[in-house]
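Asker: Mind folding the following:
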Amino acid sequence: MGRMMSARLSGLALTCTLAACAVGPNFHHPAPPPDKTYGGAPSRGETAAAAGTGGNAQTFVENQDIAREWWTLFQSPSLNQLVERALKENPNLTAAQAALRQANELYLAQRGSLWPQLTGGFAATRAKNAVATIANPTTYPQVNPYYNLFTADLAVSYVPDVFGGTRRAVEASKAQAESARFQFEATYVTLTTNVVVTAIEEASLRGQIAATERLLVLQQTMSDIVRKQRELGTASELDLLTQETLEAQTAATLPPLVKALGQTRDALTALVGRLPAEEPVETFRLEELTLPSQLPLTLPSKLVEQRPDVRQAEENLHMASAEAGVALAEMLPQFAITGDLGSSALALNQLFTPYTGFWSIGASLTQVLFAGGTLYHHYKAADAALDQAGAQYRAAVIQACQNVADTLRALGADADALKANAAADSAAKKFFDLARQQQSLGAISLVALMNAEQAYEQAELALVQAEANRYADTAALFQALGGGWWNSAGGGTK
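Answerer: Alright, predicted model coming up:
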């Protein structure tokens, strides 16, 4: 009866192992979002166009693929060089790549648990017996209480994966390696986007500084004119003080812009993995950048495959699913097979000679009968972690779609804002030029001229900022859609 039961158990274990059955939930890829649009965000047709830098219309092209080097669409050799340098030298990307290698090695190490473990051993012992109580095992009658013993053996141990706990652990390790890969891809996309956006910020600040300096020269000229008019008695002291106040206010806006430009340059230097003293030679201006006229637009169902943060959340869900299986398998019986083969002799040259060999083979089954509820609560904790990972995946999908929708709305609004600001700047300049002519003829007061001057200053700065917003939000769209990492050799690796 016992032999029959043992045979049945052995057959069951072998059947489960060969059938690759594993306890716990089987992971399935989550269903993609069924939505065909991003709500009310503009996704068809052309954006508004305007005259001047970055004023061309942009068209959204559905399902257009994103090139790995999407930043080359801005047609700036300096920007291309800076991004490539950042990809080679940024320490955050290097760290993410090292973390990916570590995760892959840990996966390969975990995969080794599926195979039997073979170990070799050798032991040499020198011993002395207590002659009054223990007989010398090497001679009889006892002559010399000292003896040597040499042992060499090979031991094999194997834990049959009857319930699939080991396979679930390997599955979890593989998912963790994939999670690290998508973390690397996210670092890659974030780094390239940050370089582009920071370069655009530098260009915007340079534009604002240039506009402020032009306005400051203009206001200094105006102050000289009012000062002369004051000397001739055609302008009052109040008029002069008002004009000097406008000049001083404009001058006061220059240092913050210069400070912001310096800090932006520091940020660019850090992005390319250098210390502040090694600032890159490349500089950026808006007029040197080209605004891409065609923009890709990916449906939500495909977006979840392109966003590295969503893919990472999916692998985390996969890992949590596998770990739930591991926790469940720990509650079930554990099987083990062991074997030992070797030789033991009193002299080293007698090893592996006749009558010195030994062997053993055995099997065991263990089942935890009581552990204070530890295994059960481990399983419940793993089940809760699975629910948490599912919710985090859902949150990542929502966040990804929101990013795209926000960027699409921003691009539409940016185009309208630039068109309006370009018109306002043109009108403000014409109004200011006409006001100067009329004031020189005495047709309007200095106060009216100063109002026109202030309106022109505000319009100039607003125009530069509106131009920069279109470039920055265009870069943000490429990031929101995944950044094209899948089109690079090795998926974003260099």
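
Asker: contacts, neighbours, all on C-alpha from now
Answerer: OK.

Asker: neighbouring contacts of the helix or strand containing residue 120?
Answerer: Secondary structure assignment for residue 120, by DSSP states H and E: strand 117-128. The contact list for strand 117-128 (C-alpha atoms under 8 Å, 6 or more residues apart in numbering) reads 145-158.

Asker: partners of it, with directions?
Answerer: strand 146-158 (antiparallel) (DSSP bridges).

Asker: what packs against the helix or strand following the strand it pairs with?
Answerer: Moving toward the C-terminus from strand 146-158, the next helix or strand (DSSP H and E) is helix 165-232. Under the contact definition 3 or more C-alpha pairs under 8 Å, 6 or more residues apart in numbering; DSSP states H and E, helix 165-232 sits against helix 77-89, helix 91-111, helix 237-252, helix 254-271, helix 308-329, helix 446-480.

Asker: Of the ones you listed, which is nearest residue 429?
Answerer: Closest of the helices and strands packed on helix 165-232 to residue 429 is helix 446-480, at 5.8 Å (criterion: C-alpha to C-alpha).

Asker: Only the buried residues of the closest one, if you could.
Answerer: For helix 446-480, burial by neighbour count (16 or more other C-alpha atoms under 10 Å) applies to 446, 449-450, 452-480.

Asker: tell me the contacts of residue 418?
Answerer: 50, 55, 463, 466-467.

Asker: nope, residue 438 is what I was after
Answerer: residue 444.

Asker: Am I right that it sits in a helix?
Answerer: Yes. Under DSSP: H, G, I helix; E, B strand; the rest coil, residue 438 sits within a helix.

Asker: ok, the closest residue to residue 431 other than its chain neighbours - contacts?
Answerer: Residue nearest to residue 431 in three dimensions, not counting chain neighbours: residue 452, with 6.6 Å by C-alpha to C-alpha, 6 or more residues apart in numbering. Shown in contact with residue 452 (C-alpha under 8 Å, 6+ apart): 428, 431-432, 435.

Asker: before we move on, what about residue 208?
Answerer: So residue 208 contacts 257, 461, 464-465 (C-alpha under 8 Å, 6+ apart).

Asker: so how far is residue 412 from it?
Answerer: Distance of residue 208 to residue 412, given as C-alpha to C-alpha, to the nearest Å: 23 Å.

Asker: do you know how far residue 357 is from residue 363?
Answerer: 21 Å.

Asker: So for the two, which residue has more residues nearby?
Answerer: residue 357 (16 against 12; other C-alpha atoms under 10 Å).

Asker: now the more buried one, nearest residue through space, not along the chain?
Answerer: residue 343 (4.2 Å).

Asker: Quick one: neighbours of the one you found, just the number.
Answerer: 20.

Asker: Regarding it, what is its secondary structure?
Answerer: Strictly by three-state DSSP, residue 343 counts as strand.

Asker: Show me what it bridges to in the sheet.
Answerer: residue 152, residue 357.

Asker: separation between it and residue 362?
Answerer: Residue 343 is 18 Å from residue 362, by C-alpha to C-alpha.

Asker: deepest of the helices and strands packed on helix 165-232, which one?
Answerer: Across these, averaging neighbours per residue (mean count of other C-alpha atoms under 10 Å) puts helix 308-329 on top, at a mean of 26.

Asker: so what does that helix touch, helix or strand wise?
Answerer: helix 165-232, helix 300-306, helix 374-440.

Asker: Reformat those into TSV and put mean pLDDT next to each item.
Answerer: What follows is those, written out as TSV (pLDDT from 0 to 100):
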stretch	mean pLDDT
helix 165-232	93
helix 300-306	94
helix 374-440	93
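
Asker: Count residues in the vicinity of residue 229, would you?
Answerer: Quick note: residue 229 (other C-alpha under 10 Å) scores 16 neighbours.

Asker: can you check residue 403 too?
Answerer: 17.

Asker: residues contacting it?
Answerer: Applying C-alpha under 8 Å, 6+ apart, the residues contacting residue 403 are residue 480.

Asker: just the one 10 residues further on next, same as before
Answerer: When contacts are counted by C-alpha under 8 Å, 6+ apart, residue 413 is found next to no other residue.

Asker: Can you give me the distance of it to residue 437?
Answerer: 36 Å.

Asker: hmm, back to that, winner for burial among the helices and strands packed on helix 308-329?
Answerer: With a mean of 21, the top stretch among the helices and strands packed on helix 308-329 by mean neighbour count (mean count of other C-alpha under 10 Å) is helix 165-232.

Asker: Next one: the residue nearest to residue 431, what pLDDT does it get?
Answerer: On pLDDT, residue 452 comes in at 85.

Asker: ends of stretch 35-46, how far apart?
Answerer: 22 Å.

Asker: what's the answer for stretch 150-170, then?
Answerer: End-to-end for stretch 150-170, by C-alpha to C-alpha: 39 Å.

Asker: buried set for it?
Answerer: Applying 16+ other C-alpha under 10 Å to stretch 150-170 flags 150-153, 155, 157-170 as buried.

Asker: ok now it, how far from the chain's centre?
Answerer: Distance of stretch 150-170 from the chain centroid (C-alpha atoms, centre = their mean, to the nearest Å) equals 37 Å.

Asker: now do stretch 113-127
Answerer: 44 Å.

Asker: Report the mean per-residue pLDDT for it.
Answerer: Per-residue scores along stretch 113-127 average to 93.

Asker: For residue 192, find the nearest of the helices and strands packed on helix 165-232.
Answerer: helix 77-89 (6.1 Å).
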